[in-house]
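>>> After the sequence you'll find the predicted model.
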Amino acid sequence: MSFLDTQPAEIHLLQGSERWEQFRLGDPRQMLAALRDFCRRSVPLTVGVAGMPTVVAAIWAVDEMKNTLSFNLAPEAASHIDAIVGAPEVWAAGYLDDAKVQFECAGLRVERSATAFTLRTDVPRFVYSMPRRTAVRVKRADALAPLVQFNHPIAEHARVRMRVLDISMTGCALWRAPGDLPLPPSAVVPRVQVQLDQNQGFITDMLVQHMTYGDDPRAGMRVGCAWENLPEYAAKILESWISRGRRRRDLISLDL
């Protein structure tokens, strides 16, 4: 699994892993600043082993005196957490603004109470910060934005309708409003109906990859998704729509 993927990757096991050294934050002050930013903004992190089940967690404390990080875990993490804690190498990955940040969770342990799980790990020795992959993404004004509709992967009888923030040939970013059902990373959502505009759309599967809060977590959340098994007809429709959008003044092209 590549470090460019949203899910955690075992960087030092990759062939030619030296190429990622340029993305390593070597200054302890930079590393702590990134960890505090995750904590302050309650940014969701994907925690687990590359290619294996993962859980979603958020840092709620950075304790420099005890050299520990503390994470909150959702109750639904119970089915995977024991396997993750027992794994020899566990990583956490999440997005801060325009960069994917990843660090190893050494000394991982879990504390249980009647109502919650707390995950603790040592403050990492290394933190990697990698700019988002380069891909042309198109964004429209909110009133003209594409929409997606699908049956929710957790509550299958719930039909969900979400606004698309930006879209590319590899995936899209959705806006999850406060109070909406969560979309867990690694969930595959089948038969997503993508409505690009009044006349064009397609149906495809979608993989939920990551979630990112804005400056105000109460305002909602950005959900990054990748297309899964994008049909050939859908790829042609999307490519044509993006190409036209880049030439129109009411669309903005972004490099992410």
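Okay, I see it.

>>> check contacts around the residue nearest to Ala177 when sequence neighbours are not counted.
Ranked by C-beta to C-beta, 6 or more residues apart in numbering and with sequence neighbours excluded, the top spatial neighbour of Ala177 is Gly220, at 5.0 Å. Where C-beta positions appear, they are placed from N, C-alpha and C, glycine not excepted. Gly220 makes contacts with 175-178, 214, as judged by C-beta atoms under 8 Å, 6 or more residues apart in numbering.

>>> Check this protein for its longest helix and report it.
Criterion DSSP state H: the longest helix present in the chain is helix 232-247.

>>> follow-up on the earlier one: now the contacts of Gly220 in a markdown table, with neighbour count and distance to Phe202?
Shown next, in a markdown table, are the contacts of Gly220 (neighbours: other C-beta atoms under 10 Å; distance: C-beta to C-beta, whole Å):
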| residue | neighbour count | distance to Phe202 |
| --- | --- | --- |
| Trp175 | 17 | 20 |
| Arg176 | 17 | 22 |
| Ala177 | 10 | 24 |
| Pro178 | 10 | 29 |
| Gly214 | 12 | 29 |
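
>>> if we take those, which one ends up nearest to Lys236?
Trp175 (26.3 Å; C-beta to C-beta).

>>> does that closest one have beta-bridge partners, and which?
Arg163, Arg222 (DSSP bridges).

>>> Do I have it right that it meets Met162?
Yes. Contact criterion C-beta atoms under 8 Å: Trp175 and Met162 qualify, at 6.3 Å.

>>> Overlap of the contact sets of those two?
Common neighbours of Trp175 and Met162 (C-beta under 8 Å, 6+ apart) are Val223.

>>> Now do the same contact list for the nearest residue in space to Glu228 that is not next to it in sequence.
Distance criterion C-beta to C-beta, 6+ apart; nearest residue to Glu228, sequence neighbours excluded, is Asp205 at 3.9 Å. By C-beta under 8 Å, 6+ apart, the contact set of Asp205 is 188-192, 227-229.

>>> Could you check the pLDDT of Asp205?
For Asp205, the pLDDT comes out at 95.

>>> On the three-state scheme, it is what?
strand (DSSP: H, G, I helix; E, B strand; the rest coil).

>>> gap between it and Ser129?
30 Å (C-beta to C-beta, to the nearest Å).

>>> hmm, back to that, restricted to strands, list the contacts of Asp205.
Per DSSP state E, strands hold the following members of the contacts of Asp205: 188-192, 227-228.

>>> Can you list the buried residues in the longest helix of the chain?
Buried residues in helix 232-247, counted by 16 or more other C-beta atoms under 10 Å: 234, 237-238, 241-242, 245.

>>> Also stretch 87-99?
90-95.

>>> low-scoring stretches of the chain, by residue?
The chain contains residues with pLDDT under 70 at 1-20, 75, 98, 115, 131-142, 214-218, 245-256.

>>> From what I see, Val223 and Leu183 are in contact.
Yes. If you go by C-beta under 8 Å, Val223 and Leu183 touch, sitting 5.4 Å apart.

>>> Find residues that contact each of those two.
Residues touching both Val223 and Leu183 by C-beta under 8 Å, 6+ apart: 174, 176, 208, 211.

>>> Name all residues that make contact with the first one.
Put plainly, it is Leu174. Leu174 touches 148, 162-165, 183, 222-223, 225, counting by C-beta under 8 Å, 6+ apart.

>>> residue ranges for the strands of the stretch 101-250 of the chain, please.
109-112, 117-122, 127-131, 136-140, 147-151, 159-167, 171-176, 188-195, 201-213, 221-228 (DSSP state E, counting those that start in this stretch).
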